[in-house]
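# What follows is a protein structure lacking sequence information:
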Ligand code: F6P
């Protein structure tokens, strides 16, 4: 088969290690020039393909591509842009294939979460139908850790580490002054529907009385009375109370504690600010002095404290996607399979996109303590290995030395412009 080009795009919320997957794709493709001539990266994700706005990665030095491995954010730009159903959005799918045809693109690597796996699956179907079959491979990525089948998702281990480290450090701060000052500290973490990130905060403590004293999961309906009782107990017993709350914490009627009333392009409810809501509940009912922090983008961009396991896995899924494609596979996603907990061993497997698309893996009940406010030993066994190891970026003058790519554009070939 003559050599073809590949298209790579980043999708959805970025992570501290999504660029490590890009690095895995590009470095591996470069080793197989006879099959993959060039990797074109979508500027701003899939929008770059639709508008024929692609970055020529052959114009990037080997050194810059290698530096992606330690650079957070999405180096090519990521997008929340859903193509939706084939029937309703056929024109967009057809445009995508037209662009792929024009640029001789035979491989499509889509680095994202549940929605993106759905898109990759649909592109594989449409391309076949249009007589220009493209190898479509998903590459897992989401800090939310909610993709099914894979044991975990690249991006999560580093957020988990950041949240556990921050909880442990902030707890020491609060404890030092609790006698005369702040008694309650609340850390808000991401995880729209699933409590994986909140659970990671639980790893900060190991003995009874250690922080965090309370975790509020999306999976457990918020019970104000039980919550306040627990806060009071912690302050009376330990002198302070550290709370990790998921942005997705909700009431029994499923309403988020922090719904702001808007939705994003994927139709997801926009969340934010659950920490002040919880802080007000504490202050209004118990009168304790509090501080709160919203980890927000700090948690998913914190490459300086990334988990070494996470970086390695993010690279490995990018590399595996290219290898699978070269073996003639399509409509699959590389997955991480856990072989053992102690010592932690994992390997790369594969799963059909049809079984991953649009499905969310919630935190299992057996990972949440009986009272609903903490994590179990089983959760700890699952979480700890994913946070393991440090992979510091290089530093210059005390700051991490992150790469900015040249970002040279591929010359457009189609007359027809496409507006998104
Ligand atoms: O999809 C991952 C995620 O980080 C969620 O945990 C969070 O709710 C969301 O992205 C934030 O999305 P955005 O950056 O588009 O506001």
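Received it, and whenever you're ready, just let me know what you need. Keep in mind that what you see is a predicted model, and the values were worked out from it rather than measured.
# Could you report the neighbour count for the spatially closest residue to residue 240 that is not a sequence neighbour?
Leaving aside its sequence neighbours, residue 240 sits nearest to residue 178 (Cβ to Cβ, 6 or more residues apart in numbering; 3.9 Å). C-betas here are computed from N, CA, C, even on glycine. Residue 178 has 19 neighbouring residues, counting by other Cβ atoms under 10 Å.
# Report all helices and strands that the helix or strand hosting residue 379 contacts.
Following DSSP states H and E, one finds residue 379 within helix 377-383. Under the contact criterion of 3 or more Cβ pairs under 8 Å, 6 or more residues apart in numbering; DSSP states H and E, helix 377-383 touches helix 196-201.
# Tell me how far residue 67 lies from the ligand.
Residue 67 is 24 Å from the ligand, where distance means Cβ to the nearest ligand atom, to the nearest Å.
# hmm, I was thinking of residue 175
29 Å.
# Specify the local secondary structure of that residue.
helix (DSSP: H, G, I helix; E, B strand; the rest coil).
# Contacts only, for residue 190.
By Cβ atoms under 8 Å, 6 or more residues apart in numbering, the contact set of residue 190 is 143, 144, 159, 197, 246, 247, 295, 296, 299, 300.
# so does stretch 188-197 get close to the ligand?
Yes - applying Cβ under 6 Å from any ligand atom, one finds stretch 188-197 in contact with the ligand at 190, 191, 192.
# that older thread, pretty sure the residue nearest to residue 240 sits against residue 242.
No - the pair residue 178 / residue 242 is not scored as a contact, 10.2 Å apart, by Cβ atoms under 8 Å.
# For the residue nearest to residue 25 when sequence neighbours are not counted, grab the count of nearby residues.
Nearest non-adjacent residue to residue 25, counting by Cβ to Cβ, 6+ apart: residue 318, 4.3 Å away. Using other Cβ under 10 Å, residue 318 is surrounded by 34 other residues.
# what's near enough to touch residue 318?
20, 21, 22, 23, 24, 25, 28, 109, 111, 139.
# Mind putting the residues of stretch 188-197 next to the ligand into a markdown table with pLDDT and secondary structure?
Below are those laid out as a markdown table (pLDDT from 0 to 100; DSSP: H, G, I helix; E, B strand; the rest coil):
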| residue | pLDDT | secondary structure |
| --- | --- | --- |
| 190 | 96 | coil |
| 191 | 93 | coil |
| 192 | 83 | coil |
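# Serialize those residues to a markdown table and add fields for distance to residue 125.
Compiled in a markdown table, the residues of stretch 188-197 next to the ligand are given as follows (distance: Cβ to Cβ, whole Å):
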| residue | distance to residue 125 |
| --- | --- |
| 190 | 32 |
| 191 | 31 |
| 192 | 28 |
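# Can you tell me which of these is closest to residue 331?
residue 192 (26.1 Å; Cβ to Cβ).
# Check for me that residue 283 belongs to a strand.
No - applying three-state DSSP, one finds residue 283 to be helix, outside a strand.
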